[in-house]
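Colleague: Coordinates for the following, if possible.
(one chain, ligands or ions: 1)
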Amino acid sequence: MAKIKSLIISAVLICVSILTPLTAQAAEASYYGALHVKGADLVDKHGDPVQLRGVSTHGIAWFPEYVNAKAVKSLKKTFHANVYRIACYTDEYGGYCNGGDKKSLEKTIDTGVKAAVKNDMYVIIDWHVLNEHPNPLDHKSDAKKFFKKMSKKYAKYDNVIYEICNEPNGGTSWSDIRKYAKAVIPVIRKNAPDSVIIVGTPTWSQDVDKAAEHPLSYKNVMYAFHFYAGTHHADLRKKLTAAHKKGLPVFVSEFGTCDASGNGGFNKKESNAWIKLLDSLNISYVNWSLCNKAETASIIKSSCKKTSGWKKSDLTQSGKWLYQMLRKY
Ligand code: IDC
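Modeller: Below you'll find the predicted structure:
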């Protein structure tokens, strides 16, 4: 009788584990666990410094085909990436606030988040403020709705990082960004109280000095710093180093190996100089971008139509460099 009882209990337990949805199963990222910010560092669940290194999608309205489970698995297995960034443009072609298909964009984000969770990677949901409305306050109410939805949907996932404004520009001041952040961060915090949030900085996320002078008072907040190796050199590295020295937690949520246009030549020397600095400061970084668009920043050759399972010969110069650089760890 006892044997039958234990058999029944085991059968029930097996059924429960099979039927448990992904959301409940994957509540904790086993990689480093829930991340936090301590001083200038991103730290793991034990409080030890960690560095995330990975790849960003191109705009998901343009290249949704690269947001698929196999692609994310390739980033993890082939490139050894531990973070995946999903770039949802607010404006431009098919942007979330520009007549884009919100349902379809949200579905793409969901595919990316679930794939990252399945592969035990961290994932950044990026509200990609860039052109047309370079001041994030312009889309404040849309942003609040978006992040309310996202943070509610993904509240259980330790893996999810929220990036609330990619690159404010066009003269947007740090005080405007602070205003925006103070409106959006509490919305996320209500659902995901301990999540890491990345806040963009003025001048295409370069002015970390402004943020360091007057940081936000929330915990687990990091500040975006973006560079393109063909355009940005030693003077900008100085600015980053100074902000870091002041104790500002910085996250390079986007960088390119070429000009700020996404084109121009691949700049190996400057790319290496940047990575050397970021590694020495334990700053996380994410490369732009996973697609086969005929531009220097793309990782995949435009002749390659595969959307996962890439070989070295499918990669551009920038893609090959990234592959070698990420795999060192
Ligand atoms: C670029 C893309 C390009 C696209 C353009 C749209 O590479 O294909 O046509 O956006 O505006 C950034 C932005 C990022 C840019 C990238 C290169 O965050 O969206 O992507 N860049 O210009 N900041 C600095 C450079």
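Colleague: How about the contacts made by the residue in the chain positioned nearest to the ligand?
Modeller: As assessed by C-beta to the nearest ligand atom, the ligand sits closest to G262 within the chain, at 3.1 Å. C-betas here are computed from N, CA, C, even on glycine. Contacts for G262 (C-beta atoms under 8 Å, 6 or more residues apart in numbering) come out as Y228, G256, W288, S289, E295, T296, A297.
Colleague: ok, now with 6 Å
Modeller: Residues near G262 by C-beta atoms under 6 Å, 6 or more residues apart in numbering: E295, A297.
Colleague: That one and Y228, how far apart?
Modeller: 8 Å (C-beta to C-beta, to the nearest Å).
Colleague: and if you look at K245?
Modeller: Separation of K245 from Y228 (C-beta to C-beta) stands at 23 Å.
Colleague: Among the two, which residue is more densely surrounded?
Modeller: Y228 (26 against 11; other C-beta atoms under 10 Å).
Colleague: what does the model give that one for pLDDT?
Modeller: What the model reports for Y228 is a pLDDT of 98.
Colleague: again, but for S30
Modeller: With respect to pLDDT, S30 scores 77.
Colleague: mind checking which helix or strand of the protein has the lowest mean pLDDT?
Modeller: Every helix and strand in the chain was compared by mean pLDDT, DSSP states H and E; the lowest is helix 22-25, with a mean of 38.
Colleague: next helix or strand past it?
Modeller: strand 36-38 (DSSP states H and E).
Colleague: contacting residues around that next one?
Modeller: With contacts defined as C-beta under 6 Å, 6+ apart, strand 36-38 is touched by V43, N220, M222, P249.
Colleague: do the same with stretch 111-130
Modeller: 26, 30-31, 52, 67, 69, 72-73, 76, 82-90, 136, 143, 150, 157, 159-167.
Colleague: for L216, helix, strand, or coil?
Modeller: The three-state assignment at L216 reads coil, by DSSP: H, G, I helix; E, B strand; the rest coil.
Colleague: I'd like the numbering to begin with 9 instead of 1 from here.
Modeller: Got it, first residue is 9 now, which makes that one L224.
Colleague: I'd like to know how many residues surround V192.
Modeller: Using other C-beta under 10 Å, the number of residues around V192 comes to 24.
Colleague: swap that for K190, please
Modeller: With other C-beta under 10 Å as criterion, K190 counts 12.
Colleague: got the residues of the stretch 159-308 of the chain near the ligand?
Modeller: Taking C-beta under 6 Å from any ligand atom as the contact definition, the stretch 159-308 of the chain meets the ligand at 174-175, 212, 234, 236, 262, 264, 268-270, 296, 301, 303, 305.
Colleague: hmm, 5 Å instead?
Modeller: Within the stretch 159-308 of the chain, the residues that sit near the ligand (C-beta under 5 Å from any ligand atom) are E175, A268, G270.
Colleague: Confirm the last one sits in a strand?
Modeller: No - counting by three-state DSSP, one finds G270 to be coil, located in no strand.
Colleague: Please identify which helix or strand holds S183.
Modeller: Assigned by DSSP H and E, S183 belongs to helix 182-199.
Colleague: now swap in H54 and tell me
Modeller: Using DSSP H and E, H54 falls outside every helix and strand.
Colleague: Could you do Y331 as well?
Modeller: Going by DSSP H and E, Y331 is in helix 325-335.
Colleague: try F235
Modeller: F235 belongs to strand 229-236 when assigned by DSSP H and E.
Colleague: List the buried residues in the following helix or strand past that strand.
Modeller: The helix or strand immediately downstream of strand 229-236 is helix 242-253, counting by DSSP H and E. Along helix 242-253, these residues count as buried under the neighbour rule (16 or more other C-beta atoms under 10 Å): L244, R245, K247, L248, A251, H252.
Colleague: sorry, back to before: state the pair within the contacts of strand 44-46 that is farthest apart.
Modeller: V51 and M230 (11.5 Å; C-beta to C-beta).
Colleague: neighbour count winner among these two?
Modeller: Taking neighbours as other C-beta under 10 Å, V51 and M230 compare with M230 leading, 25 against 19.
Colleague: Surely that one is in contact with F259?
Modeller: Yes - using C-beta atoms under 6 Å, M230 is in contact with F259, at 4.2 Å.
Colleague: Find the residues that touch each one of those two.
Modeller: The contact sets of M230 and F259 overlap at I206 (C-beta under 6 Å, 6+ apart).
Colleague: list the contacts for the closest residue to L289 other than its chain neighbours?
Modeller: Spatial nearest neighbour of L289, chain neighbours left out: H252 (5.2 Å); criterion: C-beta to C-beta, 6 or more residues apart in numbering. H252 makes contact with A48, V258, L289, according to C-beta under 6 Å, 6+ apart.
Colleague: Next one: H252, what pLDDT does it get?
Modeller: For H252, the model assigns a pLDDT of 98.
Colleague: returning to what we had before: please spell out which residues along the helix holding S183 are buried.
Modeller: Quick answer for helix 182-199 (16+ other C-beta under 10 Å): 182, 184-186, 188-189, 191-193, 195-197, 199.
Colleague: Equivalent analysis for stretch 66-74, please.
Modeller: Neighbour counts over stretch 66-74 (16+ other C-beta under 10 Å) mark H66, G67, I68, A69, W70, F71, P72, Y74 as buried.
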